[in-house]
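**Student:** Provided below are the primary sequence and the corresponding predicted coordinates.
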Amino acid sequence: MIEYENLYKVNQPFFEAYHRSFNEVLESGWYILGKAVQQFETQFAAYCQTSYCCGVANGLDALMLALKSFNFEAGDEVIVPSNTYIATILAIVHNGLKPVLVEPDIATYNIDPAKIEEKITPRTRAVMVVHLYGKLCEMNRINAIADKHHLKVIEDGAQAHGASYKGKKAGSFGQFGAFSFYPTKNLGALADAGALTTNDAALFEKVFTLRNYGSRVKYYNELVGYNSRLDEMQAAFLSIKLQQLDAINHHKRKLADLYLAGLKTDFIKPVVQPDYFDVYHIFTIRHPQRDKLRDYLLQNEIKTEIHYPVPPNKQKAMKGILDDQPTPIAAEIHATTLSLPISYFHTEQDIQRVIEVMNRF
Ligand SMILES: *Cc1c(COP(=O)(O)O)cnc(C)c1O
């Protein structure tokens with residue numbers, strides 16, 4: 001059986017280092033907001049080419065706190081891609097803001113910059129872009145539109161740790177980059193964890209305060225804050241894995257190259273564009289008989305996933321929130337997309353086997 005994901009195997013190369021750092025944190029006697037968090041924040045900011053990083057509890061909180069820091073008014077609008085993972089939308093809704101869907105480019109699966117301006121109203125305050133599957137959005141065009149209309153830009157980088165455009169990294173283009181370190185992400189912890197990156201000192205102070213009960217000095221609360229702290233243990237593990245993130249991304253890119261070269265043209269493959277360094281958090285193909293293909297692969301002992309089976313505006317939870325915004329392109333992607341095995345533990349032989357079976361479909 002070729003598995004889709006196996007977190008034991010993904011983390012096995014790090015076990016020895018993790019055991020050592022577990023002991024260090026355990027024996028330090030300091031478990032919340034200490035040296036390990038500070039060290040990881042410094043390292044991750046440097047990695048993302050930003051001035052600041054603020055560790056938080058998870059990716060959803062990173063997105064929510066980024067929006068919270070701007071003090072938008074209830075009912076203000078935030079532009080967001082129609083085919084994103086639900087977390088991006090929830091961060092907007094939980095802030096009392098209105099998600100306004102913009103369709104993706106069917107070739108890149110990322111928000112189509114040409115369709116943003118027609119959705120801007122006097123109440124639009126921000127664009128929340130998502131670097132889906134590990135490919136950067138067209139940030140130069142998006143930032144130009146945001147500047148022209150005085151909008152904030154937040155990057156959901158939960159699938160794009162280390163992805164870049166002309167050498168400029170995910171999380172360094174907008175006012176904020178929001179990251180998740182959920183265990184399956186390219187940079188994954190052993191529990192929930194997340195972070196925000198920014199170049200803006202005042203915004204950094206704001207989220208830094210918000211994540212810890214609105215307090216900078218213990219027992220003095222300046223803001224109506226939250227408890228959304230990255231813990232010492234996960235920060236210590238993340239510092240270790242961060243050193244190997246480029247190697248992890250390199251491995252996934254090598255596997256992606258095999259798929260790109262080997263899969264027959266019946267399958268619509270991810271586009272490869274000059275200057276874009278994609279990190280293939282997910283390797284997705286599209287095919288009109290997706291469900292049949294998925295069954296066929298399973299019969300041949302190959303597991304796959306669908307990212308995602310239901311678009312946000314068709315989710316039950318979004319009734320009365322998004323269901324008045326039709327999104328035919330997102331619907332087409334959700335109906336045809338299939339994610340192939342591309343984890344850190346997969347070998348080139350695994351991928352060759354998937355290609356060989358796929359090409360007989
Ligand atoms: C994983 C993910 C998130 C949410 O991260 P959590 O840490 O699970 O809260 C947000 N956005 C996207 C695009 C994701 O893939």
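**Tutor:** Ah, there it is. Numbering: from 1, shown residues only.

**Student:** alpha carbons of the helix or strand hosting Ala146, in CSV - could you do that?
**Tutor:** Using DSSP states H and E, Ala146 maps to helix 139-149. Below are the C-alpha coordinates for helix 139-149, written out as CSV (Å, rounded to 0.1, in the frame of the first residue of the first chain):
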residue,chain,number,x,y,z
MET,A,139,1.6,39.1,-5.1
ASN,A,140,2.9,42.0,-7.2
ARG,A,141,-0.4,42.5,-8.9
ILE,A,142,-2.4,41.9,-5.7
ASN,A,143,-0.3,44.4,-3.8
ALA,A,144,-0.7,47.0,-6.5
ILE,A,145,-4.5,46.6,-6.4
ALA,A,146,-4.4,46.8,-2.5
ASP,A,147,-2.3,50.0,-2.6
LYS,A,148,-4.6,51.6,-5.1
HIS,A,149,-7.7,50.9,-3.0
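
**Student:** that one packs against which elements?
**Tutor:** strand 124-130, strand 152-156 (3 or more Cβ pairs under 8 Å, 6 or more residues apart in numbering; DSSP states H and E). Where C-beta positions appear, they are placed from N, C-alpha and C, glycine not excepted.

**Student:** the first one vs the ligand: in contact?
**Tutor:** Yes - counting by Cβ under 6 Å from any ligand atom, the ligand has neighbours in strand 124-130: Val130.

**Student:** export the helices and strands packed on helix 139-149 to CSV and append columns for mean pLDDT and mean neighbour count.
**Tutor:** CSV is the format used below for the helices and strands packed on helix 139-149 (pLDDT from 0 to 100; neighbours: other Cβ atoms under 10 Å):
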stretch, mean pLDDT, mean neighbour count
strand 124-130, 98, 25
strand 152-156, 98, 26
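
**Student:** picking that back up, the helix holding Ala146: how far from the chain's middle?
**Tutor:** 21 Å (Cα atoms, centre = their mean, to the nearest Å).

**Student:** quick check: mean pLDDT of it?
**Tutor:** Averaging the model's pLDDT scores along helix 139-149 yields 98.

**Student:** buried set for that helix?
**Tutor:** Met139, Ile142, Asn143, Ile145, Ala146 (16 or more other Cβ atoms under 10 Å).

**Student:** OK, contacts around the third one?
**Tutor:** To tie it back to what came earlier, the one meant is Asn143. Applying Cβ atoms under 8 Å, 6 or more residues apart in numbering, we find Asn143 in contact with Val153, Phe173, Gly174.

**Student:** name all residues that make contact with the residue nearest to the last one when sequence neighbours are not counted.
**Tutor:** Of all residues not flanking Gly174 in the chain, Val153 sits nearest, at 3.5 Å (Cβ to Cβ, 6 or more residues apart in numbering). Contacts of Val153 were listed using Cβ under 8 Å, 6+ apart, and they are Ala126, Val127, Val129, Ile142, Asn143, Ala146, Phe173, Gly174, Gln175.

**Student:** next, the distance between the ends of stretch 344-351.
**Tutor:** Using Cα to Cα, to the nearest Å, one end of stretch 344-351 lies 12 Å from the other.

**Student:** show me what counts as buried in that stretch.
**Tutor:** So for stretch 344-351, counting by 16+ other Cβ under 10 Å, buried means Tyr344, Phe345, His346, Asp350, Ile351.

**Student:** same check, this time on stretch 185-192
**Tutor:** Going by 16+ other Cβ under 10 Å, stretch 185-192 has these buried residues: Lys185, Asn186, Leu187, Gly188, Ala189, Leu190, Asp192.

**Student:** in the stretch 1-150 of the chain, which spans are strands?
**Tutor:** Using DSSP state E, counting those that start in this stretch, the strands found in the stretch 1-150 of the chain span residues 52-56, 77-81, 98-102, 124-130.

**Student:** surely Val56 and Phe208 touch.
**Tutor:** No - Val56 lies out of contact with Phe208 (Cβ atoms under 8 Å); the separation is 9.8 Å.

**Student:** out of the two, which sits in the busier spot?
**Tutor:** Just comparing Val56 and Phe208: by other Cβ atoms under 10 Å the higher neighbour count belongs to Val56, 30 against 20.

**Student:** quickly list what that one is bridged to.
**Tutor:** Counting by DSSP bridges, Val56 is bridged to Gly194.
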